[in-house]
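**Q** below are the sequence and a predicted model for it; my questions follow.
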Amino acid sequence: MEQKISSIQFTVLVFMNTLGTAIIFIPTIATRYGRENGWITVIFATLLGMVFILWLTTLIGQEDDTNFFKIMDNRVGKLISYCLILLMVSFIFFTTFANIWSIAQFVSLQILMGTPPQVLALISTFTGLIAVRYGLEVIVRSAEIFFPFTMLSLTLLALLVWPEAQLIRVQPVMQLNQAATFVGVLPVIALTYMELIVMLVVLPHVNDLRQAKKAFLIGGGLAGFCIIIVTFAAIAVLGVDGTVRHAYSIYVLGQNIQIAEFFERIEVLVAFIWFITIFFKVSTCFYFLSIALQHMLKVKNYHSLTVPLGMILLATAMTNLPNIFYDFEMMNSTYLILSYITGLTVATVLSLAMLIRKYKEKVK
Amino acid sequence: MRRRTKKQKQAIIENISADHDVALSSDLDENIDIIKEMLGHSSDLITRKFVIGAREPIQSAIFYINGLINEASVQHDLLHELVVESREAEQTYKANCFDTIKKHLVSIGNVNELHTIAELFHVLLSGDSIIILDGQRVALAIGTRGGEGRGVETVTSQEVVRGPKEAFTERISTNIALIRRRIKDPNLWMKSYCIGEKTQTDVTIGYLNGVVNDKLVEELDRRLKRIKIDAILESGYIEELIQDKTYTPFPTVYNTERPDAIAGGLLEGKIAIFVDGTPFVLLIPCLFEHFLQSSEDYYQRTDIATLLRLLRMLAFLLALLTPSLYIALTNFHQEMIPTTLLISLAAQREGIPFPAFIEALLMELTFELLREAGIRLPSAVGSAISIVGALVLGQAAVEAGIVSAMMVIVVSLTAISSFVFPAYNLAITVRILRFGFMMLAASLGLYGIFTGIIILVLHMTSLRSFGIPYLSPLAPFNLTGQKDIFIRAPLWKEMTRPHLISQKNIVRSDSKPPKPPKED
Amino acid sequence: MKKLLIILLSLIIFTGCWSATELSDMAIATAIGVDLVDDQIIITLQVLNPAEVAGNEEKTSRTAITNYTIQGDTLFEAIRKLTATSPRKIFVSHIRTVIFGEALAIEGIVDTLDFLMRDHELRADFMIAVAREATAEEVLSIMTPLEKISAERVYTSIKASEEFWAPSKEVKLNELANAIITEGKDAVITGLAIVGDEEKGKTIENVESTVPYASLFVENMSVFSGDQLVGWLNEEESKGFNFITNNIDNTIESISWKGSDDISLEITKHQSKISTRLDGELIVEISSKMVVNIADVETDVSFESQDTLHEIEQRFAKTIEALMLASIETAKDFHVDIFGFGEQLRRDHPREWEANYKEDWLDHFEDCKVRFDTEVDIRHGGMITDPIYPEVDKANGLEE
């Protein structure tokens, strides 16, 4: 079935994919590097991320197929395309199970103390599985439904912690740690914008491609803006040390809300934001993997691949990440490298192929 | 003409029940025999032989089913004319007898000629009178449908404070008339079907030509024609046979007994399905938003209507989630309850023998029992039972220390919220889902509820009603559609028909906002 | 699809419930007291008896709170051990107050802090206090009138005292941890003392009489160097500290006019700001603005003349400055920078801070000069204009 989505839906999906995981980890990571300038790190990362998105949007032209992998085949030939797909699949696979595992860890640590994370990982994989079996259209439509609630929660969070914020905590602005501020941009981008190559598989489905490019930028920009605000709030409320110290600093930020003896203890807002965004991230990645496998294995319908894929994801998540410290460690090393290699290689190869084709046409 | 033997007649009868088309015989007595035989000599079949005309008398007979016809019209307009008046007339009837009878004798509007026995039975059993003449292979069906039925009464299931009070009845013609009376437009087209091999139920679809999406009409036509069933006793049968998806708690066909709601739907480009024998008329396509709207929204001021709609959304969430949130918070997330509230809850729960989940389950179950009992009991006893049940059970249970007071509050809140919906079938949906959410909450707390909500939304977005996404215009998002979802925009604000349902003729109102007269 | 859902649902139902706890199976803890006796940590946990606090059932004569005390090598060990004594699972998410015994504070509180921050059940919104000349256990054992839960009583009275009296400060976990870690700033914690007969204060009789035998008193501030208690500020110095750190909402201060302390002024608005200047040497400038009302006049003075008002304003400014100076001097004596001058210097002159001051900041702190710039503005003088004092004097004189 031909799946068509609108540019609004695409914006929302990009937004969810950028925020997933990032919203909870970026404040800590950025602040660890940039100290008081953590939020500036995120600003730079967002700007660079927008450039990357712009680059990604040039990779798909108007005339192309709706299946991204067929587009790749046409562009760069079967062999190179196969290698690229393999690279992307390994990266997205990594992202997916890391996401599944991190939400499971978080829930078993903060929300359901004592429930084994394995069960929680199972449940998140299951929800992702259901979403993928329903198809892309259903995923984006649900994203549309949840988008206003996510924005509302984010706005509430930003507004309600405001009374606790002290602007002196973000001073001095850009005086110390300048080098680290810029170095911090690298891991921040890896966790937010590099992962957006997963959207390449969705992009051809948008019914108006020119609008879609705008939508890609808006979605990414909006998400970047939200992360900037949250990072700023985390530093202003918790202080630099407070932000770095806590593994889930914006959850602690949520715990700090205390207004009128009634609006208190609503950190569940944060949990909600994270659940929703990570769910869409996992579903999109899952969808990407299913389509990629379908293409590589030349199966007619991707539905039959989803269940075994889910099982593999789950098993990998359960066995590969033994504890939370390892998770953080990995995010800063292996993940970082894999993320950049995949993102940049795919984008470069596809651009080159495009340039060469244009050149050939000119010569003719 | 040779008369058929008894054996031959028997063969015809058997043939008819299997195969439809058997022509009428030209012999009067044979026809009479066949008809009587086929109805098993039922006592409510009235057969009367008589002679038309004095000069060249024609042997003829009239059949009708007692109770299905309009007695007065058969007596005065039919029998009197045929038997008495025909004698006094000068004419001969032998030649062209049907034309003459039609033109001169029968003073009833609806007269049809019938050629086969199957046709004859269909109209006979619908309440028409049949006249057959000796030597003719054609029968006349005279529209004398009538008989006892309920008149137009007030609405019982979707009451409003302001707005029309009349409701549909069991008779399809009355129901269609109620709509015609509201939309006097030649473009209001009706199309009839006869569904159900045994019941031969009249099903009529109505739509506004030029507004409705033609593909939708075709699709409905296809789905209705696909139905092969012996009986249609209520519009629920049709609903179940034409809906997009069976295994879903959400209704994808709307039903109502309010003519104004149907008229409103037709004007939005939807199709109404009238089914004979039930006051509940169906409307398709049906989106989720319809269940949270009442026709009164359009009769009240816009701000009031908007507030009421938001209230209904809140009620939907409350009815769905209150018990599960209570379970999740008290069992898993005590740290999220403000301290003083927690202390008060803990004090109430001292000495309660059941876990919160079981307690909630018991109370919800009791409430469902009460509600069901209240419906089945005679109305005089019903209200008394529910009040007594709620009060006595609730209060006594709390005082005995079996249930906490907070739980009674939670259950009452749920109950009240579930009565807010204008549509009863959504209330049932919510009842089903509520128990699912309670289980999720009892096993995984808020995480379970979140997961449940995600799966629920996924399911809802995957639903379609006749091809239209169930949650539109929220998903897929459509800006102009928002004027009639959470808010009810003023009527003069360039109202348009719903985007996905109707693409033609979309502007509904072009009036200017009201202004005070200019002062001189 | 359906099968998947069914499997999922049954999985959830059969696997869940690991972490469920019924409200009636848990004991809600409201305060933790930590003491150090002979190198052993002693924990006092105050647990609620909910039926006595809320609910409409018949109240028994049992107290609303119960204290459990246990000792262990670490805080976590001690809390776990408590489950043996307590009949129910102890639930610490609703802790309102954490109190350190003075002995423990002198030894260092950082080990305790680590647990308080790391434990996922604890939330960071409780008040922290130090028991002065007492153990935390003793403080938590005092029965308090009006407020049945003494932890709650400590919480609200520290808040109220910060708002209306000024020599105390509400210190929460995150702030305390930041103050201990941050370079160029040291921590302070409000103190709590027991006034009266401690033994009788522990019994329910304490709340049965109109004048309690013993009550809790929000003391002044304790000063920490690193995580160790080094001394106490007195009331004046505590107030001075709050004046410097912009932590005054509303307080009363008196000046001497004809006699001693005969005009009292109520500060209704206060705003202060620390800034640093480097003109060859380090100068700290404390500029504050306040709006005051005349609250109590016990001398013969007429407010008709603007000059008098100016005079009062100026004298008042001097009084406040004296308070601030006193607290700075004390801090210098203790060798701790509780005001965050160093932190401010880092903000204002980050490079110089990194280069010259960071290493031996406390020595620089002791040498730094402080300049005050205080603005006082009298808004109104209560319900009456001139004092009634002179008239009364005259009347008294006539009788003589």
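**A** Now that the structure is in, tell me what you want to look at. Numbers count the residues shown, from 1 in each chain, chains lettered A, B, ... in the order given.

**Q** could you break chain C into its assigned domains?
**A** C:24-232, C:234-400 (automatic domain parsing).

**Q** need the winner for burial among those.
**A** domain C:24-232 (a mean of 19; mean count of other Cβ atoms under 10 Å in any protein chain shown). Quick note: C-beta positions are derived from backbone N, CA and C, even for glycine.

**Q** for that one, what is the distance to the chain centroid?
**A** Distance of domain C:24-232 from the chain centroid (Cα atoms, centre = their mean, to the nearest Å) equals 12 Å.

**Q** are it and chain B in contact anywhere?
**A** Yes. Domain C:24-232 lies within reach of chain B by Cβ under 8 Å from any Cβ of the partner chain, at C:24, C:26, C:28, C:30, C:48, C:50-51, C:53-55, C:57, C:91, C:93-94, C:96, C:121, C:123.

**Q** circling back to that earlier point, including distance to A:Thr28 and mean pLDDT, could the domains of chain C go into TSV?
**A** Putting the domains of chain C into TSV (distance: least, Cβ to Cβ, whole Å; pLDDT from 0 to 100) gives the following:
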stretch	distance to A:Thr28	mean pLDDT
domain C:24-232	14	80
domain C:234-400	22	80
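
**Q** between these, which gets nearest to A:Ile276?
**A** domain C:24-232 (22.2 Å; Cβ to Cβ).

**Q** how far does stretch B:217-235 sit from the chain's center?
**A** With Cα atoms, centre = their mean, you get 14 Å for stretch B:217-235.

**Q** take the residues of domain C:24-232 next to chain B and keep only those in helices.
**A** Secondary structure from DSSP state H places C:Pro50, C:Ala51, C:Val53 of the residues of domain C:24-232 next to chain B in helices.

**Q** all strands of the chain, in order?
**A** This is for chain A. Taking DSSP state E, the strands of chain A run over residues A:258-259, A:263-264.

**Q** could you do chain C instead?
**A** Counting by DSSP E, the strands of chain C are C:26-37, C:40-48, C:65-72, C:89-91, C:97-100, C:127-131, C:188-196, C:214-225, C:228-232, C:251-255, C:263-279, C:281-297, C:369-378.

**Q** show me what counts as buried in whichever helix in chain B runs longest.
**A** In chain B, taking DSSP H as the definition, the longest helix is helix B:424-462. By neighbour count on 16 or more other Cβ atoms under 10 Å in any protein chain shown, the buried set for helix B:424-462 is B:424-427, B:429-431, B:433-462.

**Q** which one is C:Thr268 nearest to, not counting chain neighbours?
**A** C:Val291 (5.4 Å; Cβ to Cβ, 6 or more residues apart in numbering or on different chains).

**Q** also A:Thr46?
**A** Nearest non-adjacent residue to A:Thr46 (Cβ to Cβ, 6+ apart): A:Gly224, at 3.2 Å.

**Q** that neighbour: neighbouring residues, count only.
**A** If you count neighbours by other Cβ atoms under 10 Å in any protein chain shown, A:Gly224 ends up with 27.

**Q** so it is in contact with A:Gly49, correct?
**A** Yes. A:Gly224 lies in contact with A:Gly49 (Cβ atoms under 8 Å); the separation is 6.0 Å.

**Q** any residues in contact with both of these two?
**A** A:Thr18, A:Thr192 (Cβ atoms under 8 Å, 6 or more residues apart in numbering or on different chains).

**Q** show me what contacts the closest residue in space to C:Val218 that isn't next to it in sequence?
**A** Once flanking residues are discounted, C:Val218 sits nearest to C:Ser161: 4.6 Å by Cβ to Cβ, 6+ apart. Going by Cβ under 8 Å, 6+ apart, C:Ser161 touches C:Pro167, C:Ser168, C:Val218.

**Q** and the stretch 151-300 of chain A, which residues reach chain B?
**A** Counting by Cβ under 8 Å from any Cβ, the residues of the stretch 151-300 of chain A that sit close to chain B are A:Glu261, A:Phe262, A:Glu264, A:Arg265, A:Ile266, A:Glu267, A:Val268, A:Ala271, A:Phe272, A:Phe275, A:Ile276, A:Phe279.

**Q** if you set the cut-off to 7 Å instead, what comes out?
**A** Contacts of the stretch 151-300 of chain A with chain B, taken as Cβ under 7 Å from any Cβ of the partner chain, map to A:Phe262, A:Glu264, A:Arg265, A:Val268, A:Phe272, A:Phe275, A:Phe279.

**Q** so who does the fourth one touch?
**A** Under the criterion of Cβ atoms under 7 Å, 6 or more residues apart in numbering or on different chains, the contact list for A:Val268 reads B:Met336, B:Leu446.

**Q** in stretch B:131-151, what counts as buried?
**A** For stretch B:131-151, by 16+ other Cβ under 10 Å, it's B:Ile131, B:Ile132, B:Leu133, B:Asp134, B:Gln136, B:Ala139, B:Leu140, B:Ala141, B:Ile142, B:Gly143, B:Thr144, B:Arg145.

**Q** taking these one by one, which sit in strands?
**A** Using DSSP E, these in strands are B:Ile131, B:Ile132, B:Leu133, B:Ala139, B:Leu140, B:Ala141, B:Ile142.

**Q** between these, which is nearest chain C?
**A** Of all these, chain C sits closest to B:Ala141, with 49.4 Å by Cβ to the nearest Cβ.

**Q** the closest one and B:Val123 touch, don't they?
**A** Yes. B:Ala141 sits in contact with B:Val123 when judged by Cβ atoms under 7 Å, with a separation of 4.4 Å.

**Q** tally of neighbours for whatever residue of the stretch 251-364 of chain A ends up closest to chain C?
**A** Closest approach between the stretch 251-364 of chain A and chain C, counting by Cβ to the nearest Cβ: A:Gln255, at 5.3 Å. A:Gln255 has 23 neighbouring residues, counting by other Cβ under 10 Å.

**Q** got the contact list for it?
**A** A:Glu267, C:Arg123, C:Ala124, C:Asp125.

**Q** so stretch B:465-473, near chain A or not?
**A** Yes. Judged by Cβ under 7 Å from any Cβ, stretch B:465-473 and chain A are in contact via B:Pro469, B:Leu471.

**Q** which other residues reach that stretch?
**A** In contact with stretch B:465-473 (Cβ under 7 Å, 6+ apart) are residues A:141, A:145, B:216, B:219, B:244, B:250, B:252, B:284-288, B:460-461, B:463-464, B:475-476, B:478, B:481-482, B:485, B:498-501.

**Q** endpoints of it, how far apart?
**A** 13 Å (Cα to Cα, to the nearest Å).

**Q** quick one: average confidence on it?
**A** The average pLDDT for stretch B:465-473 rounds to 87.

**Q** please apply the same query to stretch B:58-65.
**A** The model assigns stretch B:58-65 a mean pLDDT of 86.

**Q** thinking again about what came up before, which neighbours do B:Ala141 and B:Val123 share?
**A** B:Leu114.

**Q** circling back: relative to A:Met72, which of the buried residues of stretch B:131-151 is nearest.
**A** Nearest to A:Met72 among the buried residues of stretch B:131-151, with distances taken as Cβ to Cβ, is B:Arg145, at 69.2 Å.

**Q** which residues pair with that closest one across the strands?
**A** B:Ile69 (DSSP bridges).

**Q** from B:Phe98, how far off is it?
**A** The span separating B:Arg145 from B:Phe98 equals 21 Å under the rule Cβ to Cβ, to the nearest Å.

**Q** B:Thr480 now?
**A** Taking Cβ to Cβ, one finds B:Thr480 at 58 Å from B:Phe98.

**Q** okay, now residue 56: neighbour count?
**A** No chain specified, so I'll use chain A. Neighbour number of A:Leu56 under other Cβ under 10 Å is 24.

**Q** could you do chain B instead?
**A** By other Cβ under 10 Å, neighbour count at B:Glu56 equals 12.
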